[in-house]
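>>> model the following, please.
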Amino acid sequence: MKIRNIVLASVMVAAGASAFAQAKEQFFPLLSYRTGAYAPNGVPWANGKQDYLKMINARDGGVNGVKLTFEECETGYATDRGVECYERLKSKPGVALFDPQSTGITFALTEKAPADKMPLMTLGYGLSVSQDGTAFKWNFPLMGSYWTGADILIQHIGKSLGGLDKLKGKKITLVYHDSPFGKEPIPLLQERSKMHGFDLQLLPVTAPGVEQKAAWLQVRQSKPDYVLLWGWGVMNSTALKEAQATGYPRDKMYGVWWAGAEPDVKDVGEGAKGYQALALNTSGQQPKVIQDILKHVHDKSQGTGPKDEVGSVLYTRGVIIQMLSIEAVRRAQERFGKGKVMTSEQVRWGLENLSLDQKKLEALGFTGVMRPISTSCVDHMGSSAARIQTWDGKKWNITSDFIEADEQILKPMIKAGSEKYLTDKKMTRRAPADCQS
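Next comes the predicted model:
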């Protein structure tokens, strides 16, 4: 009897081990902030990411049979908590990549990623110089950096005046979040200021940005021709309210793409009318991908947040981020084995070899939502264009064509910045052979 029990136990253990070996799950750690001053913006972003993962599992059964799993970790937008989340989740089986959701956390993790062989996707944020994949093997600032964003805004303002030469003698004020995020566009703006002869005024706002009276008193005194708003969370609506209170025209204010979502303007309403911001993506429930999320997730009572939030600006950006993460896995599978769980190193290769043209975006349900994107060893951004959107008092409307950041200005800055980074960190640039591996 004892021998029979031992045999049965062995069979059960073997069966369990076999089931574990066959459990094909790609894991996505989701750093988020659903609490604190940045929650109004962080929540829809996080919900979009979760809902897209759920939709791919429900509609497609995962990626070529590999189920997608996730775990959220609350950072409160604090760098130390973000690093703690990273350390806790980086060793989970099947981990694909990290989206830190904060420039400060990105700065901290950039030091750790090479040793951990962990890709960092920083869509529309992070280190601007990390576009250079030959220096930053593990960073992917997909779709734009703060240098491309600032450059596009200056181009747009110049065009509205009748040419960049008309910027001479103008005064442009940057009201910015006093953090790595807010400081990122400054080198580009300083470069453009030297080129075109406009006066650049820098006004930092202490995080989280609920107190801005001193900054806007300076705006009232200096009377700039334009104000650029580099804010996040409650800072954005506070800035618009202060502009209204001091009489600064909202149609002379331009925000970064993190200052151009519904939470930034809805409480200000008509008071924000005419305010403009960069747009990396569209909003609304019309796109097929959003319809699929409603059908496969929300209609099945599996939605992460409220249904009426689906398709909002930041929710859609969360969907895009998760789509690109999954497409990096899919691309990696094409090389390393369809139906297999990819390692973080293999996913890094997938991120470096993304090629989503218009036809592919259409097949994914993203027609009109975003620009095509194509990455390489040299270019870890893949797309450097954005449009301008304008708040009409009730909703956002796209009010410009796509504007490409000027590579003639950016390339020398990126090269110089990446060289300095490599020198400071005593690192070397990737060899050409490494780009093929």
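>>> now the strands for the stretch 101-250 of the chain?
With strands called from DSSP state E, counting those that start in this stretch, the stretch 101-250 of the chain shows them at 120-121, 139-140, 171-177, 199-205, 226-230.
>>> now render the ones you listed as CSV, adding mean neighbour count.
For the C-beta atoms, the positions are set from N, CA and C on the backbone; glycine is no exception. Formatted as CSV, the strands of the stretch 101-250 of the chain follow (neighbours: other Cβ atoms under 10 Å):
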stretch, mean neighbour count
strand 120-121, 24
strand 139-140, 26
strand 171-177, 23
strand 199-205, 17
strand 226-230, 25
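>>> for the ones you listed, give me JSON lines that also has distance to residue 366 and mean pLDDT.
JSON lines is the format used below for the strands of the stretch 101-250 of the chain (distance: least, Cβ to Cβ, whole Å; pLDDT from 0 to 100):
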{"stretch": "strand 120-121", "distance to residue 366": "17", "mean pLDDT": "98"}
{"stretch": "strand 139-140", "distance to residue 366": "18", "mean pLDDT": "98"}
{"stretch": "strand 171-177", "distance to residue 366": "29", "mean pLDDT": "98"}
{"stretch": "strand 199-205", "distance to residue 366": "34", "mean pLDDT": "98"}
{"stretch": "strand 226-230", "distance to residue 366": "27", "mean pLDDT": "98"}
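>>> turn these into TSV, columns for distance to residue 384.
Shown next, in TSV, are these (distance: least, Cβ to Cβ, whole Å):
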stretch	distance to residue 384
strand 120-121	16
strand 139-140	13
strand 171-177	20
strand 199-205	22
strand 226-230	18
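>>> nearest to residue 300, of those strands?
Proximity to residue 300 (Cβ to Cβ) singles out strand 120-121 among those, at 27.9 Å.
>>> which other residues reach that closest one?
Strand 120-121 is contacted from outside by 97-100, 106, 109-110, 113, 126, 138-140, 142, 321, 324-325, 328, 351, using Cβ atoms under 8 Å, 6 or more residues apart in numbering.
>>> how does this protein divide into domains?
25-144+286-379, 147-279+388-410 (automatic domain parsing).
>>> list the contacts of the nearest residue to residue 399 once chain neighbours are set aside.
In this structure, residue 399 finds its nearest non-sequential neighbour in residue 390, 4.4 Å apart by Cβ to Cβ, 6 or more residues apart in numbering. Taking Cβ under 8 Å, 6+ apart, we find residue 390 in contact with 274-276, 396-397, 399.
>>> from these, which is closest to residue 215?
Residue 215 lies nearest to residue 275 out of the contacts of residue 390, by Cβ to Cβ, at 16.6 Å.
>>> list the contacts for that closest one?
The contact partners of residue 275, taken as Cβ under 8 Å, 6+ apart, are 240, 250-251, 253, 255, 265, 390-391.
>>> what about the residues you listed, which are in helices?
Among the contacts of residue 275, the residues falling in helices (DSSP state H) are 240, 265.
>>> could I get the contacts of residue 275 as TSV with pLDDT?
Putting these into TSV (pLDDT from 0 to 100) gives the following:
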residue	pLDDT
240	97
250	97
251	97
253	98
255	98
265	96
390	97
391	97
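>>> nearest to residue 83 among the contacts of residue 275?
residue 255 (28.4 Å).
>>> please name the nearest non-neighbouring residue to residue 342.
residue 332 (4.5 Å).
>>> if I look at the nearest residue to residue 303 once chain neighbours are set aside, how far off is residue 291?
Leaving aside its chain neighbours, residue 303 sits nearest to residue 297 (5.5 Å; criterion: Cβ to Cβ, 6+ apart). Here the criterion is Cβ to Cβ, to the nearest Å. By it, residue 297 lies 11 Å from residue 291.
>>> ok, these two, which is more surrounded?
Shown here are residue 297 and residue 291; by other Cβ atoms under 10 Å, residue 297 has more neighbours (24 against 14).
>>> residue 359 is in what secondary structure piece?
Assigned by DSSP states H and E, residue 359 belongs to helix 358-364.
>>> so who does the residue nearest to the spatial centre of the chain touch?
Residue closest to the mean C-alpha point of the chain, counted by Cα atoms, centre = their mean, is residue 123 at 2.8 Å. Taking Cβ under 8 Å, 6+ apart as the contact definition, residue 123 lies against 99, 141-144, 280, 317, 320-321, 324.
>>> find the nearest non-adjacent residue to residue 284, please.
Nearest to residue 284 is residue 311, by Cβ to Cβ, 6+ apart, at 5.2 Å.
>>> quick revisit: bridging across strands, which residues link to the residue nearest to residue 399?
With DSSP bridges as the criterion, residue 390 is bridged to residue 276, residue 397.
>>> buried sites along stretch 245-265?
Neighbour-count burial for stretch 245-265 flags 248, 250, 252-265 (criterion: 16 or more other Cβ atoms under 10 Å).
>>> now the helix holding residue 359, how far from the chain's geometric center?
Relative to its parent chain, helix 358-364 has a centroid offset of 20 Å by Cα atoms, centre = their mean, to the nearest Å.
>>> do stretch 389-407 as well
Distance of stretch 389-407 from its chain centroid, counting by Cα atoms, centre = their mean, is 18 Å.
>>> re earlier: how close does the residue nearest to residue 303 get to residue 28?
Per Cβ to Cβ, residue 297 is found 16 Å from residue 28.
>>> repeat for residue 37
Note on residue 37: its distance to residue 28, by Cβ to Cβ, is 26 Å.
>>> out of these two, which sits in the busier spot?
Neighbours were counted for residue 37 and for residue 28 using other Cβ under 10 Å; residue 28 has more, 24 against 18.
>>> and that one, that's in a helix?
No. Judged by DSSP: H, G, I helix; E, B strand; the rest coil, residue 28 forms no part of a helix; its state is strand.
>>> output the below-cut-off pLDDT ranges for the stretch 301-437 of the chain.
Residues of the stretch 301-437 of the chain meeting the criterion pLDDT under 70: 437.
>>> mind running it again at 90?
Residues of the stretch 301-437 of the chain that meet the criterion pLDDT under 90 lie in 432-433, 435-437.
>>> which parts of it are helices?
With helices called from DSSP state H, counting those that start in this stretch, the stretch 301-437 of the chain shows them at 313-336, 344-352, 358-364, 407-424, 432-436.
>>> could these go into CSV alongside mean neighbour count?
CSV is the format used below for those (neighbours: other Cβ under 10 Å):
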stretch, mean neighbour count
helix 313-336, 23
helix 344-352, 22
helix 358-364, 14
helix 407-424, 14
helix 432-436, 10
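>>> looking at these, which is closest to residue 213?
helix 313-336 (27.2 Å).
>>> packing partners for that closest one?
Applying 3 or more Cβ pairs under 8 Å, 6 or more residues apart in numbering; DSSP states H and E, one finds that helix 313-336 contacts strand 25-32, helix 39-60, strand 120-121, helix 262-265, helix 288-296, helix 344-352, strand 355-356.
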